[in-house]
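Asker: what's the 3D shape of this:
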Amino acid sequence: MNKMLHPYGSEQALADAMLAFERRAVAFGFRPALPYDKRKRIADRPLSPQAMEILAYLRRVQDANVYEIIEATQLREFIATNTLNALIHRSFVEMSRFERNITYYRLKEQSE
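Answerer: Model (predicted):
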């Protein structure tokens with residue numbers, strides 16, 4: 001059986017070409033903006049009060065695990081872990097060490 005290769009080569013290349021086509025259509029006014037392009041970028045969003053509370057605590061103690069953060073901030077466990085993950089994603093916090101199955105976090109040093 002003769003297999004024909006797609007001219008774009010891969011699914012990702014095809015998806016990129018289709019997205020570029022749709023964005024050109026938006027630029028020419030043929031269609032409304034794509035939902036993805038309307039979303040605010042994560043870096044543009046302000047920090048939540050929970051995130052500010054965790055950052056303030058980490059500033060005081062330098063190094064803490066999630067259990068210490070929960071105890072000090074009185075946040076629910078799922079809120080604290082989700083907020084920590086968001087802070088890691090936004091490059092405010094990093095994992096400092098992993099000791100006896102517990103991860104410790106610290107503020108990430110900002111380079112200027």
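
Asker: end-to-end on stretch 32-45?
Answerer: Using C-alpha to C-alpha, to the nearest Å, one end of stretch 32-45 lies 23 Å from the other.

Asker: wait, I102 sits on D63?
Answerer: No. Between I102 and D63 there is no contact, the gap being 11.6 Å when judged by C-beta atoms under 8 Å. Where you see a C-beta, it was placed from the backbone N, CA and C, and this is true even at glycine.

Asker: From A51, how far off is the most centrally placed residue in the chain?
Answerer: The chain has H89 as the residue nearest its centroid, 3.9 Å off, counting by C-alpha atoms, centre = their mean. Applying C-beta to C-beta, to the nearest Å, the value for H89 to A51 is 11 Å.

Asker: Repeat that for Y36.
Answerer: 24 Å.

Asker: Of those two, give the one with the bigger neighbour count.
Answerer: A51 (18 against 7; other C-beta atoms under 10 Å).

Asker: Now name the helix or strand holding that one.
Answerer: According to DSSP states H and E, A51 maps onto helix 49-61.
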